[in-house]
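**Student:** how would this look folded up:
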Amino acid sequence: MKKIGKPITENESYLKREDHYKELLRKLKNEKDIVKFGGGTKAIEKHKAKGKLTARERINKLVDNPKDFLELNTLAAFGMYEEYGGAPSSGTVFGIGKIHDRQFVIVANDATVKAGAWFPITAKKNLRAQEIAIENRLPVIYLVDSAGVFLPLQDEIFPDKEHFGRIFRNNAVMSSMGIIQIAAIMGPCVAGGAYLPIMSDEALIVEREGSVFLAGAHLVKAAIGEVIDNETLGGANVQSNVSGVTDYVMKDDNECILQIRNIVEKIGANEKAGFSRTKSKPPLYPAKEIYGLLPDDPSKQYDMYEVIARIIDDSELDEYKAGYGKTLITGYARIDGWAVGIIANQRSVIKTETGEMQFGGVIYSDSADKATRFIMNCNQKKIPLLFLQDVTGFMVGSRAEHGGIIKDGAKMVNAVANSVVPKITIIIGNSFGAGNYAMCGKAYDPRFIFAYPGAKIAVMGGSQAASVLLDIKLKQVEKRGTHFNEADKKKLLDEIMQSYESQSNPLYAAARLWIDEIIDPALTRDYVSAALESANNNPEIPKFNVGVIQT
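**Tutor:** Numbering: from 1, shown residues only. I've put the predicted structure just below:
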């Protein structure tokens, strides 16, 4: 093992970068604080007037330590559905929390947001929660309090494969896999949504507030003329003592949460994957120094080794092929005691043994070849992979093409796609083009994917994209026989840049669930460790086979 990193010199440049990143974090915290306030003061007061806890209060009482709850997709629906008043956190809170020192996926409807109604992105978020439970074999607890589908957008949530019905299909599949599901009905549970708790292994229901039925009183009257109230139709006592649909009647939220804790405390232990873990050691350097290491301009260089040194245990890296393919760093390390294989883009300009200069953040043929071999080794050794992305793409140009960059890139993509050990991805800076794919972007099934506040996710960099889009626009205008002067061109370029930059922002990605969470770089170790602990719960690792790879 080799110690990497060196002490920081807090010069003017470092302090400027640190201030820049702290400002990004301040803005991120502000946005998350607003989102966590749900539907706002009046909606919360109305909710609490019924004697109910909010979604996050329910979770805080359920888990062992609220500070350790790993909330995911906090910013789902950020900036979306504004014409309907918005949907903070998509009206659903979910994450991974420990109950009696065991990890659970916990999903809670936020009834202060449109009565917990399901927007299209809400369904996607719930499917992501189930995907995490399936991939990592984690038991699930649903805290149900929802008025059902948001009807104005029903065509975007109801009929397709990855829409609302997929959730109930997953309930059945997860049950067949032996994944425990417990549901607490703490508010309305209507129509198709009624299947979620009843397809769980056990269902609890809260008196007076919880109700479950396929059609509410108004629809029953319209459909068959029967006049009845919701409590008599499908309230707690009816569904538990008459129909036998639910299993436990609880007097209030607090008793319900206590009963859930009692139930799960008796669950037996499962077999683990057996990933290597030793006693945790802190890095040699403070994690918060990452703020001053990362550039305030995504086009600038920095040394990825210094970032890694502030993430891994004892700052020790057993580097693989250290002198070859230097625009990618590959090596074995530990994070909070967990063994990991790290693949990271090196953003510094590299001088090769032949004197050739290689641009940082670009994947060359030798880098792709090295990464492919390293991924195969990690699969052979049952070592989870950690991708640290800051990539502008693969090298282009005649020299790269004649050297077979497409073939070498395809080998790397093949290895990433077919990798069977857990993959965790953190987008540190740029994530552009095919580089996103090769470095295990969302399409390549990372168990978890996180991003730093300064990340950029797009098909190419903003300036390059703006130049291409401007050229297309100008040609369209010229075909109509008109011309732009320089001032018009600049205005159009600025508009294109502004639009493109907003769409490559991590907030835009988080809103659409392209990433699981935007995280504080200083907490990287915590997120990676929790992700690996989750992954270790799934003992089933398929045989590794990459299929056909051209040599």
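
**Student:** going by C-alpha atoms from here, please, whenever you check contacts or count neighbours.
**Tutor:** Will do.

**Student:** what segments of the stretch 401-550 of the chain are helices?
**Tutor:** For the stretch 401-550 of the chain, the helices defined by DSSP state H, counting those that start in this stretch cover 405-418, 433-438, 462-479, 486-504, 506-511, 524-535.

**Student:** contacting residues around Ile263?
**Tutor:** Counting by Cα atoms under 8 Å, 6 or more residues apart in numbering, Ile263 touches no other residue.

**Student:** for it, report the pLDDT, please.
**Tutor:** Ile263 carries a pLDDT value of 97.

**Student:** I'd like to know which elements the helix or strand harbouring Gly95 is packed against.
**Tutor:** If you go by DSSP states H and E, Gly95 is part of strand 92-99. Identification of packing neighbours for strand 92-99 by 3 or more Cα pairs under 8 Å, 6 or more residues apart in numbering; DSSP states H and E yields helix 55-62, strand 70-72, strand 102-109, helix 120-136.

**Student:** quick one: which of the ones you listed is nearest Met80?
**Tutor:** Of all the helices and strands packed on strand 92-99, it is helix 120-136 that lies closest to Met80, at 9.3 Å by Cα to Cα.

**Student:** give me the distance between Glu209 and Lys42.
**Tutor:** Distance, Glu209 to Lys42, using Cα to Cα, to the nearest Å: 19 Å.

**Student:** where's Gly325, which helix or strand?
**Tutor:** For Gly325, there is no helix or strand it lies in under DSSP H and E.

**Student:** so what pLDDT did the closest residue to it other than its chain neighbours get?
**Tutor:** Of all residues not flanking Gly325 in the chain, Ser367 sits nearest, at 3.9 Å (Cα to Cα, 6 or more residues apart in numbering). At Ser367, the model reports a pLDDT of 95.

**Student:** immediately after the strand or helix carrying Ser367, which helix or strand?
**Tutor:** In the assignment (DSSP H and E), Ser367 maps to helix 365-381. Downstream of helix 365-381, the next assigned helix or strand under DSSP H and E is strand 385-391.

**Student:** hang on, the earlier thing: what's the closest of the helices and strands packed on strand 92-99 to Glu540?
**Tutor:** The nearest among the helices and strands packed on strand 92-99, by Cα to Cα, is helix 120-136 at 9.4 Å.

**Student:** so what touches the closest one?
**Tutor:** For helix 120-136, the external contacting residues (Cα under 8 Å, 6+ apart) are 73, 76-77, 90-92, 94-95, 105, 107, 138-140, 153, 156-157, 162-164, 166-167, 170, 174, 179, 447, 512-513, 534-538.

**Student:** after it, next one along is what?
**Tutor:** Next element after helix 120-136 (DSSP H and E): strand 140-146.

**Student:** okay, now the sheet partners of that following strand, with direction.
**Tutor:** strand 102-109 (parallel), strand 181-190 (parallel) (DSSP bridges).

**Student:** out of the ones you listed, deepest packed?
**Tutor:** Highest mean neighbour count of the strands paired with strand 140-146: strand 181-190, a mean of 26 (counted as mean count of other Cα atoms under 10 Å).

**Student:** Thr246 contacts Ala203, doesn't it?
**Tutor:** Yes. Shown here, Thr246 and Ala203 form a contact pair, counting by Cα atoms under 8 Å, at 5.2 Å.

**Student:** okay, Glu209 and Lys42: which has more neighbours?
**Tutor:** Each of Glu209 and Lys42 has its neighbours counted (other Cα atoms under 10 Å); Glu209 has more, 20 against 10.

**Student:** ok, that one to Val413 distance?
**Tutor:** Applying Cα to Cα, the value for Glu209 to Val413 is 51 Å.

**Student:** Gly193 contacts Phe150, doesn't it?
**Tutor:** No. Counting by Cα under 8 Å, Gly193 sits too far from Phe150 to count as a contact (11.8 Å).

**Student:** can you pull the pLDDT of Ile308?
**Tutor:** pLDDT, Ile308: 98.

**Student:** please disregard the earlier target; I meant Tyr500.
**Tutor:** Per-residue pLDDT puts Tyr500 at 76.

**Student:** show me what the residue nearest to Ala108 when sequence neighbours are not counted is bridged to.
**Tutor:** Closest residue in space to Ala108, ignoring its immediate chain neighbours: Leu143 at 4.5 Å, by Cα to Cα, 6+ apart. Beta-bridge pairing for Leu143 (DSSP bridges): Ala108, Ala184.

**Student:** run a quick neighbour tally on Leu143.
**Tutor:** If you count neighbours by other Cα under 10 Å, Leu143 ends up with 27.

**Student:** excluding chain neighbours, what is closest to Ile96?
**Tutor:** Closest residue in space to Ile96, ignoring its immediate chain neighbours: Val105 at 4.6 Å, by Cα to Cα, 6+ apart.

**Student:** touching, that neighbour and Val140? I think so.
**Tutor:** Yes. In this structure, Val105 is within contact of Val140 by Cα under 8 Å, at 4.7 Å.

**Student:** packing partners of the single longest helix found in the chain?
**Tutor:** Within the chain, and with DSSP state H defining each element, the longest helix by residue count is helix 12-35. Here helix 12-35 touches helix 290-293, going by 3+ Cα pairs under 8 Å, 6+ apart.

**Student:** that older thread, out of the helices of the stretch 401-550 of the chain, which is the most enclosed?
**Tutor:** Using mean count of other Cα under 10 Å, the stretch among these with the largest mean neighbour count is helix 506-511, at a mean of 24.

**Student:** and it, average pLDDT?
**Tutor:** For helix 506-511, the mean confidence score works out to 97.

**Student:** would you mark the buried spots in stretch 269-289?
**Tutor:** Under the neighbour-count criterion of 16 or more other Cα atoms under 10 Å, stretch 269-289 has 273, 275, 282-285, 287, 289 buried.

**Student:** would you turn these into a markdown table with distance to Asn505, pLDDT and secondary structure?
**Tutor:** Shown next, in a markdown table, are the buried residues of stretch 269-289 (distance: Cα to Cα, whole Å; pLDDT from 0 to 100; DSSP: H, G, I helix; E, B strand; the rest coil):
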| residue | distance to Asn505 | pLDDT | secondary structure |
| --- | --- | --- | --- |
| Ala273 | 36 | 97 | coil |
| Phe275 | 34 | 98 | coil |
| Pro282 | 31 | 98 | coil |
| Pro283 | 30 | 98 | coil |
| Leu284 | 32 | 98 | coil |
| Tyr285 | 29 | 98 | coil |
| Ala287 | 24 | 98 | helix |
| Glu289 | 23 | 98 | helix |
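
**Student:** what does the pLDDT read for the residue nearest to Pro542 when sequence neighbours are not counted?
**Tutor:** Spatially, and ignoring its direct neighbours in sequence, Pro542 is nearest to Val420 (6.2 Å; Cα to Cα, 6+ apart). Val420 is assigned a predicted lDDT (pLDDT) of 97.

**Student:** from Asn377, how far out is Val420?
**Tutor:** Distance from Val420 to Asn377, counting by Cα to Cα: 12 Å.

**Student:** okay, and the common contacts of those two?
**Tutor:** Common contacts of Val420 and Asn377 (Cα under 8 Å, 6+ apart): none found.

**Student:** and these two? which has more neighbours close in?
**Tutor:** Neighbours per residue (other Cα under 10 Å) separate Val420 from Asn377, with Val420 holding more: 24 against 13.

**Student:** from Thr330, how far out is that one?
**Tutor:** Per Cα to Cα, Val420 is found 18 Å from Thr330.

**Student:** likewise for Ala322?
**Tutor:** According to Cα to Cα, Ala322 and Thr330 sit 8 Å apart.

**Student:** give the next helix or strand downstream of the longest helix of the chain.
**Tutor:** Counting by DSSP H and E, the next helix or strand C-terminal to helix 12-35 is helix 41-48.

**Student:** need the residues that contact that next one.
**Tutor:** Counting by Cα under 8 Å, 6+ apart, residues outside helix 41-48 touching it are 38, 53-54, 111-113.

**Student:** ditto for stretch 365-372
**Tutor:** Residues outside stretch 365-372 that contact it (Cα under 8 Å, 6+ apart) are 321, 324-328, 330, 343, 400, 403-405, 408-409, 411-412, 415-416.
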